[in-house]
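Peer 1: generate coordinates for the sequence data below:
(chains A and B)
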Amino acid sequence: MTFNSVWYALLITAATLLVSYPAAYFLHYTKHKQLWLLLIIMPTWINLLLKAYAFIGILGKHGALNNLLGAMGMAPHQFLFTDAAFILVAAYIEIPFMILPIFNAIEELNEGLVNASKDLGASGWQTFTKVVFPLSLSGVKSGVQAVFIPSLSLFMLTRLIGGNRVITLGTAIEEHFLTTMNWGMGSTIGVVLIVAMVIIMLLTSERQHRKGRVIHRA
Amino acid sequence: MAVGSNRLSASTGDTGGNTLNLANWGDYIDPKLIKKFERETGFHVNVETFDSNEGMYTKVKQGGTDYDLTVPSEYMVAKMRKEGLLVRLDKSRLHGLSNFGTAFMNRSFDPDNQYSIPYFWGTLGIIYNDRYVRPGSIQHWDDLWARKYRGDIMLIDSARDIMGMSLVSLGKSVNTTDRPTLVAAKAKLDALTPNVKAVVADEIKMYMEQDEAAIAVDWSGEASEMLGENKHLHYVVPSEGSNLWFDNLVIPRTAKHYKAIYAFLNFMMRPENAAQNAEYVGYATPNDKAKALLPAAVRHDRQFYPDAQTMQHLEVYDDLAPKVVREYNDLFLEFKMYRK
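Peer 2: Residues are numbered from 1 along each chain as shown, chains lettered A, B, ... in the order given. All right, here's what the predicted structure looks like:
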């Protein structure tokens, strides 16, 4: 279960990162940044459960997606209660928490460095891989931090979208509190999650220190 | 904070001796009956709702509530009785206990009904949609394992019920405690995995009403609500056996207004009131005299009032030792994680 949980959390984090980095990158170069940012943040104002139910409507047997496929002449598919659906919805919910730190990191990046890189003959791709990406890594780290641990403990989604075929540590906590009434075990798993979070945060903050020193020395 | 707690206690109605604080499941009593009771007796009824036995149990156990009556399911009656959270009924003040059918009295969770009066009862069974399943082709638990139902079945997310279903299909009791049999039941459930679409809870109702799944395993109470919404749905209680569950009126330790409590219990036991309530809620009433007052179509509905032979095979869940309960839960969790 723990392994399962970590594996799904990794998948969710990877999927989120895959979408968020390009999104944050292009966001930086758009005209109405604040408007776009607002549009990204807005879905977080809606309760998670409501979003889950909206996805049930989309992914269901007679949902929007299957209607669309049907209109294109394809047979209805089972989307709801699949692993893919679970990861899609979980990633959708976590995306704003990944985009924001990455976006901030890219925003703070000195535009002069990019210009210098281009001036010295680097191609657009080289500038990205050698200059922009390494300098925005701190944003990626805090994004991963903000997504990975909550993904470990997702629980309503595992039932509503995953049909309980996906079991995470969050599901286990819920089960221990509400069905087996083994509160001791439930609390233990909760504490383990908190400790894991603290460890991850300590690790990342130490790295930031080192980077700080490097900058000082330079 | 202080204002908040004042208002909270106001909502549970600390307004003197002529009130009755009833903690009940949502929409589980005809509001007209409450009006009638208030008119008849002059007592004022405050209804508070809960959505799980465990939630209600925690509230009673930790105090801070002043429920006079509550409606736990049978296993929770046994648990609360053992922990001294219930007040014994004074049978000399109760009139109408003879209205109840013998099948519903003196069951293992409360021998001799010292603490509880049955309120509604029901079964665990199979709901199917006749647009996808030929009527009559599902009669027994074993029919669910048929290959043609691949990815069609929704199961209720309850260890006791689903393990129980598997145990019955193996010809065992739903109260089995020996590990090899439980493991065998779990192995049989694993074989069902390809047919299982999802293991969900209350959402089953919504999904079945919307034709999302063809078959579901759920409680009769939920089934009766689904059948009311979607004409294509049918409910079957397998004749080889299933669970028989009860919701029961009990007096928790927190009770204060005994006059109102007994007036209410007697009021609810009266056949015409119990019948009216059964018609409103749509669950099966254990009150035989009330059942006789129901329309014939309801009374003879085999789905919700199974025949005598099936009734004989229904079992009530015993309050198992915590160790065994954990075994049920662990095996059920393993089943949920099982990949085909």
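
Peer 1: in chain A, which residue sits closest to chain B?
Peer 2: The minimum distance from chain A to chain B, using CB to the nearest CB, falls at A:Gly163 (2.6 Å). All C-beta spots, glycine's among them, are computed from the backbone N, C-alpha and C.

Peer 1: what is the neighbour count of that residue?
Peer 2: 24 (other CB atoms under 10 Å in any protein chain shown).

Peer 1: same question, A:Asn164
Peer 2: A:Asn164 has 20 nearby residues by other CB under 10 Å.

Peer 1: nearest residue to it other than its sequence neighbours?
Peer 2: B:Val199 (3.9 Å; CB to CB, 6 or more residues apart in numbering or on different chains).

Peer 1: which helix or strand lies directly C-terminal to the helix or strand the one you found falls within?
Peer 2: Following DSSP states H and E, the helix or strand that holds B:Val199 is strand B:196-200. Sequence order places helix B:203-209 as the next helix or strand after strand B:196-200, per DSSP H and E.

Peer 1: tell me the contacts of residue 25?
Peer 2: Looking at chain A here, since you left the chain open. Residues near A:Tyr25 by CB atoms under 8 Å, 6 or more residues apart in numbering or on different chains: A:Ile102, A:Ile106, A:Val132.

Peer 1: try again with chain B
Peer 2: By CB under 8 Å, 6+ apart, the neighbours of B:Trp25 are B:Thr49, B:Phe50, B:Asp51, B:Val71, B:Asp247.

Peer 1: which among those count as buried?
Peer 2: In the contacts of B:Trp25, burial by neighbour count holds for B:Phe50, B:Val71, B:Asp247, counting by 16 or more other CB atoms under 10 Å in any protein chain shown.

Peer 1: so which of those residues are in strands?
Peer 2: Among those, the members falling in strands (DSSP state E) are B:Phe50, B:Asp247.

Peer 1: of the buried ones among the contacts of B:Trp25, closest to B:Ser98?
Peer 2: B:Asp247 (20.5 Å; CB to CB).

Peer 1: coming back round to it: pick the one among the contacts of B:Trp25 closest to chain A.
Peer 2: B:Asp51 (10.8 Å).

Peer 1: which is the next helix or strand following the one helix or strand A:Pro22 maps to?
Peer 2: Assigned by DSSP H and E, A:Pro22 belongs to helix A:2-28. Next helix or strand after helix A:2-28 toward the C-terminus (DSSP H and E): helix A:33-41.

Peer 1: burial count for residue 138?
Peer 2: Let's take chain A. 18.

Peer 1: try again with chain B
Peer 2: 22.

Peer 1: and it, helix, strand or coil?
Peer 2: Three-state assignment for B:Ile138 (DSSP: H, G, I helix; E, B strand; the rest coil): coil.

Peer 1: in the helix holding A:Pro22, which residues are buried?
Peer 2: In terms of neighbour count (16+ other CB under 10 Å), helix A:2-28 has its buried residues at A:5-6, A:8-9, A:11-13, A:15-17, A:20-21, A:23-25, A:27-28.

Peer 1: tell me what angle it forms with helix A:33-41.
Peer 2: Angle, helix A:2-28 to helix A:33-41, by axes from the mean of the first three to the mean of the last three CA atoms, to 10 degrees: 160 degrees.

Peer 1: run the chain-centre distance for helix A:2-28.
Peer 2: 4 Å (CA atoms, centre = their mean, to the nearest Å).

Peer 1: one step back: out of the contacts of A:Tyr25, who's nearest B:Arg299?
Peer 2: Nearest member of those to B:Arg299, counting by CB to CB, is A:Ile102, at 65.9 Å.

Peer 1: and the helix or strand containing that closest one, which residues are buried?
Peer 2: If you go by DSSP H and E, A:Ile102 is part of helix A:83-108. Going by neighbour count (16+ other CB under 10 Å), the buried part of helix A:83-108 is A:85-106.

Peer 1: quick one: mean pLDDT over that helix.
Peer 2: Throughout helix A:83-108, pLDDT has a mean value of 93.

Peer 1: state the distance from the residue lying closest to A:Ser142 once chain neighbours are set aside to A:Ser20.
Peer 2: Spatial nearest neighbour of A:Ser142, chain neighbours left out: A:Pro101 (4.2 Å); criterion: CB to CB, 6+ apart. With distances taken as CB to CB, to the nearest Å, A:Pro101 is found 9 Å from A:Ser20.

Peer 1: shared neighbours, these two?
Peer 2: Common neighbours of A:Pro101 and A:Ser20 (CB under 8 Å, 6+ apart) are A:Gly143.
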